[in-house]
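> how would this look folded up:
(one chain, ligands or ions: 1)
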Amino acid sequence: MARSASSRRWLEEHHGDPYVARARRLGFRSRAAFKLLEIDARDRILLSGMTVIDLGAAPGGWSQVAAQAVGPRGRVLAIDPIPIEPLSGVTVITGSIFEDRVAGALREVLSGAKADLVLSDMAPNRSGIRAVDAARALAIAETARDFATDLLKPGGDLLVKVFQGAGVDGLLASLRAGFRRVSIRKPQASRGRSGEVYVLGRGYGL
Ligand SMILES: C[S@@+](CC[C@H](N)C(=O)[O-])C[C@H]1O[C@@H](n2cnc3c(N)ncnc32)[C@H](O)[C@@H]1O
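Numbering: from 1, shown residues only. Here you go, the predicted structure:
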C-alpha cells in the first residue's frame, strides 16, 4: 500500500531518531519520556511523595518518569482512551477526558484528596484540516486546564502541551490569572517542526 508523504516522513524520522533508540535502551515506552525528563531537570516539578495526574498518558512514558520520581509514597493516575499496559505505581483510567465517567473515576480514586501536579501531553487525532485540528488541540488543552483548576492543591503545578495557533493567547491569559508563574518550555526532544510547546504553570491559586 502506498504511504502518504507525512507517514513516510514520520517513519524516516522515527528510525533515525536518537531519542527512540535511547527510550528502547532505557526501557521507556515512548521517546516523549525525555521531554518530561528534560523539563523536570530544569524546573524540578516532580518530587518524592507527590500525587500526579497524567492526562493523555498512553503508552506510558511520562507515567514511568513520574512514578520513578514520586516513589512508593506518591502515586500517578494515568488517563487515556488507549489502554495502557500496567505500570508499577500507576493507576490507569481508560477513557477520554471529555467523558463525565472519567472525571468521576478520577475523583473516586482521589477520594477527596487533591493533586500536586497535573501533566497533559495530550494530542488530538489529526483530521488534516488545519482549523479543525487547531480547535481540537485548543479544546484538549483547555480541558486539561479545567482538570487542574478542579483537582490541584493550592500551590500545585500544571504542565500542558499546547499547539501554537488561534486561541492560545486566551488560554495563556487564563493560566496567568490562576497560577503564580507561567513559562513556556520547548524541550530538545520535542521535534522542531511540530509547533508544540509546553506551558508550565506554577503555584496554583497563590
Ligand atoms: C503524544 S501521546 C502521549 C505520550 C505520553 N505522554 C507518553 O509519554 O507515552 C498523546 C496521547 O493523548 C491521548 N489523547 C488524545 N485525546 C485524548 C482525550 N480526549 N482524553 C485523554 N487522552 C487523549 C492520545 O490517545 C495519546 O495517547
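
> ok, so what distance separates the nearest residue to Gln164 once chain neighbours are set aside from the ligand?
Among residues not flanking Gln164 along the chain, Gly195 sits closest, at 5.1 Å (CB to CB, 6 or more residues apart in numbering). Every C-beta, even on glycine, is put in place using the N, C-alpha and C of the backbone. In this view, Gly195 and the ligand are 13 Å apart by CB to the nearest ligand atom, to the nearest Å.

> tell me the buried residues in the longest helix along the chain?
For the chain, the longest helix by residue count, based on DSSP state H, is helix 130-151. Using 16 or more other CB atoms under 10 Å as the test for burial, helix 130-151 gives 133-138, 140-141, 143-145, 147-148, 151.

> so which elements touch that helix?
strand 51-55, helix 100-110, strand 115-120, strand 152-163, helix 168-178, strand 196-204 (3 or more CB pairs under 8 Å, 6 or more residues apart in numbering; DSSP states H and E).

> hmm, back to that, and which of the buried residues of helix 130-151 is nearest to Leu117?
Leu117 lies nearest to Ala148 out of those, by CB to CB, at 9.1 Å.

> so who does that closest one touch?
The contact partners of Ala148, taken as CB atoms under 8 Å, 6 or more residues apart in numbering, are 118, 156, 158, 160, 178, 201, 204.

> just checking, the last one touches Gly156?
It refers to Tyr204. Yes. Under the criterion of CB atoms under 8 Å, Tyr204 makes contact with Gly156 at 4.6 Å.

> near the ligand at all, stretch 181-192?
No. Using CB under 6 Å from any ligand atom, stretch 181-192 stays clear of the ligand, with a minimum separation of 10.4 Å.

> what sits closest to Leu138 if chain neighbours are left out?
Looking at Leu138 with CB to CB, 6+ apart, the closest residue is Gly167, at 4.4 Å.

> kindly report the same for Ala32.
Per CB to CB, 6+ apart, closest to Ala32 is Gly61, 4.7 Å.

> that older thread, what about the residue nearest to Gln164, how many neighbours?
By other CB atoms under 10 Å, the residues close to Gly195 number 13.

> now swap in Val162 and tell me
By other CB under 10 Å, 24 other residues sit near Val162.

> what does Val65 give?
25.

> go on, Gly178?
Neighbours around Gly178, by other CB under 10 Å: 18.

> now do the contacts for it.
145, 148-149, 201, 204-205.
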